[in-house]
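Asks: Prediction below, plus the sequence it came from.
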Amino acid sequence: MIEVWGFKPRLQTCEIGIRMTSTSAQPVRLSQRWQWASRQAIGFLMAQAVDNPQVLSLAAGLVDPQSLPIAETREALEHLFADPVRARHALQYGTTAGSGRLRHQVIEHFAGLEGSTVSALGLRPEQLVLTTGSQQLLSLVGEILVDPGDIVLVAAPTYFAYLGTLEGLGARIVPIETDADGMRLESLERVLTELDRQGELSRVRFVYSVSYYENPSGISLSAERRKGLVDLARRWSRAHRIFVLEDAAYRELRYDGPELPSLWSCDPSRQHVIYAQTFSKSFSPGVRVGCGILPDELVRAVCDRKGNEDFGSSNFSQHLLTEVFDRGLYRPHVSLVQQACRAKRDTMLAAAQRHFGDLPVVTWVRPHGGLYVWMSLPKEVATGFDSRLFQVAVKEEQVMYVPGELCYAGPPEGRRRNEMRLSFGVQDATGLEEGMRRLANAVRRVLE
Ligand SMILES: Cc1ncc(COP(=O)(O)O)c(C=O)c1O
């Protein structure tokens, strides 16, 4: 029996009394959507960071501050604003799907990542929608495909912010086991078979996969499994289409290891894979440009929803990015980010070896890209917010990590509780070394 979890029908709306200066204050009625969105761990993590500013954070998933593209952005902006006509365009509203020029450039860039050309791949800029970061694309895809009670299949573990997004839509989220090669396809097939037996196949909407250097585990889906995953989605699409939502957020942050094909490229029909990408990791999250390449039937639907939300992401950012591409500033910058992050990854891994090397019960994944090292402790050592380790780490050793259990969907008792996500994005080499030293101290104290 597959237990699908995450959707708890609560038909009554929630009333919350908000203290106000006036004595006649009425209770505020918040929606069910708010209730679904209200259990996010991210708020607690941020509060911990704010309440404990002296704490060294290995938790924040921010990009390397030192390699943010200040000079590139200044050059692009100076150029853009030297021309009043283009400057006025940039400062005006844009369109819902985004600037035609940038869509064209991004689709060309994507074809390059695929090692091909736009025409050889049969791509059209109209298949691409520009969004406010890829988070908005992921959210819009959820909104157009998921009704409360529908099912989404995800890796265990996976990107915890998207688990929050899906819960916020009332989705039932089913975790699929993973190993060193990513999502296990036998497990996925077993879950689909069981859901079919339970008469629930019609509720399955998509499989979500962070295909490169997964946040949090750093693992990439192997080349064989990529083909197999798309194939499974196609085979199990009976009365309706089951999509694969490929989140390629970290694709360009590759430091070594094989260059893997996208899930998108494993779907020559172009019907099953929704591809999400972002310029947050490779350029700047402050610019906040992401995009989706969508099967034809979904472009209109995503734009309809987006029209209701913002009728177009920042036109200014899109013009800025166009200028960055036009002036040839993007690729050299990505190389710089790769170099910087590769060095930081190596620093964190060396520090892990130095401080945890004599503790064979502690293991970690060596990622080929991305921003995270996933560390496992003995089963009995819990890492959650309420654990002794978290308290010792934050209050006494003054170091913070993301508890691994936040990255699991499904019932709490089924989640692994002994893992940590460590980010090498924010700290410099000294901070990484010191953070790992403090963390090892905390772990040793709990293991004693
Ligand atoms: C796996 C993954 N997907 C998507 C995002 C969203 O990033 P953005 O909205 O900045 O593109 C993030 C951000 O950390 C992420 O880790």
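Replies: Everything's here; your move.

Asks: where in the protein is pLDDT low?
Replies: 1-23 (pLDDT under 70).

Asks: and the residue in it positioned nearest to the ligand, how far is that from residue 290?
Replies: Residue nearest to the ligand within the chain: residue 133 (2.4 Å; CB to the nearest ligand atom). C-beta here means a position set from N, CA and C on the backbone, and glycine is covered the same way. Look at residue 133 and residue 290: by CB to CB, to the nearest Å, they are 4 Å apart.

Asks: what do those two both touch?
Replies: 278, 280 (CB atoms under 8 Å, 6 or more residues apart in numbering).

Asks: Which residue of the two possesses the greater neighbour count?
Replies: A count of neighbours by other CB atoms under 10 Å puts residue 290 above the other of residue 133 and residue 290, at 25 against 21.

Asks: For the stretch 151-300 of the chain, what lies in contact range of the ligand?
Replies: Contact residues (CB under 6 Å from any ligand atom) of the stretch 151-300 of the chain with the ligand: 159, 210, 215, 247, 249, 278, 280, 285, 290.

Asks: Now compare the residues you listed and name the two farthest from each other.
Replies: 210 and 285 (16.5 Å; CB to CB).

Asks: Of these two, give the one with the bigger neighbour count.
Replies: Between residue 210 and residue 285, residue 210 has the larger neighbour count (other CB under 10 Å), namely 29 against 17.

Asks: Was I right to think the more buried one contacts residue 158?
Replies: Yes: counting by CB atoms under 8 Å, residue 210 touches residue 158, with 6.3 Å between them.

Asks: Check which element follows the helix or strand hosting residue 111 along the chain.
Replies: Counting by DSSP states H and E, the element that carries residue 111 is helix 100-113. Sequence-wise, the next helix or strand downstream of helix 100-113 (DSSP H and E) is helix 118-121.

Asks: still on that earlier bit, now intersect the residues of the stretch 151-300 of the chain next to the ligand with the helices, please.
Replies: Here DSSP state H is the test, and those give no hits in helices at all.

Asks: How about residues contacting the helix or strand containing residue 297?
Replies: Residue 297 belongs to helix 296-309 when assigned by DSSP H and E. Defining contact as CB under 8 Å, 6+ apart, one finds that helix 296-309 is touched by 96-97, 126-127, 129, 131, 136-137, 140-141, 143-144, 270, 274, 292, 294, 312.

Asks: And these, which of them are buried?
Replies: Listed as buried from these are 96-97, 127, 129, 131, 136-137, 140-141, 143-144, 274, 292, 294, 312; burial here means 16 or more other CB atoms under 10 Å.

Asks: And the strand or helix carrying residue 432, what does it pack against?
Replies: Here residue 432 sits within helix 429-447, counting by DSSP H and E. Judged by 3 or more CB pairs under 8 Å, 6 or more residues apart in numbering; DSSP states H and E, helix 429-447 is in contact with strand 56-57, helix 330-356, helix 388-391, strand 399-400, strand 419-423.

Asks: so which of the ones you listed is the most packed in?
Replies: strand 419-423 (a mean of 26; mean count of other CB atoms under 10 Å).

Asks: Please identify the pairing partners of that one and their relative orientation?
Replies: Counting by DSSP bridges, the strands paired with strand 419-423 are strand 372-376 (antiparallel), strand 402-403 (antiparallel).

Asks: deepest of those, which one?
Replies: Of those, strand 402-403 is the most buried (mean count of other CB under 10 Å), at a mean of 26.

Asks: now check that one, is it near the ligand?
Replies: No: Strand 402-403 lies apart from the ligand when judged by CB under 6 Å from any ligand atom; the minimum separation is 11.3 Å.

Asks: residues near the residue lying closest to residue 220 once chain neighbours are set aside, how many?
Replies: Spatial nearest neighbour of residue 220, chain neighbours left out: residue 212 (5.3 Å); criterion: CB to CB, 6 or more residues apart in numbering. Neighbourhood size, residue 212 [other CB under 10 Å]: 27.

Asks: Begin at 47, not 1, for the rest of this chat.
Replies: Happy to do that; since the first residue is 47 now, the last one works out to residue 258.

Asks: Name all residues that make contact with residue 258.
Replies: Taking CB under 8 Å, 6+ apart as the test, what residue 258 contacts is 266, 294, 295, 296, 297, 299, 300, 306, 415, 416.

Asks: The fourth one: neighbour count?
Replies: The reference is to residue 296. 26.

Asks: again, but for the last one
Replies: Neighbour count of residue 416, defined by other CB under 10 Å: 29.

Asks: so what's it closest to, chain neighbours aside?
Replies: residue 259 (2.9 Å).

Asks: Domain parsing of the protein, as residue ranges.
Replies: Domain segmentation of the chain under automatic domain parsing yields 87-114+378-493, 116-374.

Asks: Chain neighbours aside, what residue packs nearest to the most centrally placed residue in the chain?
Replies: Centroid-nearest residue in the chain, with CA atoms, centre = their mean: residue 205, separated by 4.9 Å. Spatial nearest neighbour of residue 205, chain neighbours left out: residue 261 (4.8 Å); criterion: CB to CB, 6+ apart.

Asks: again with residue 123
Replies: Counting by CB to CB, 6+ apart, the residue nearest residue 123 is residue 366, at 6.4 Å.

Asks: what sits against the residue nearest to the centre of the chain?
Replies: Residue 205 neighbours (CB under 8 Å, 6+ apart): 256, 260, 261, 262, 293, 453.

Asks: where's the helix or strand harbouring residue 371 relative to the chain centroid, distance-wise?
Replies: Using DSSP H and E, residue 371 maps to helix 361-372. Distance of helix 361-372 from the chain centroid (CA atoms, centre = their mean, to the nearest Å) equals 23 Å.

Asks: Tell me where the stretch 97-246 of the chain has strands.
Replies: Using DSSP state E, counting those that start in this stretch, the strands of the stretch 97-246 of the chain run over 102-103, 174-178, 197-202, 218-225, 228-229.

Asks: Give the pairing partners of the third one; include direction for each.
Replies: Strands adjacent to strand 197-202 in the sheet, as given by DSSP bridges, are strand 218-225 (parallel), strand 250-256 (parallel).
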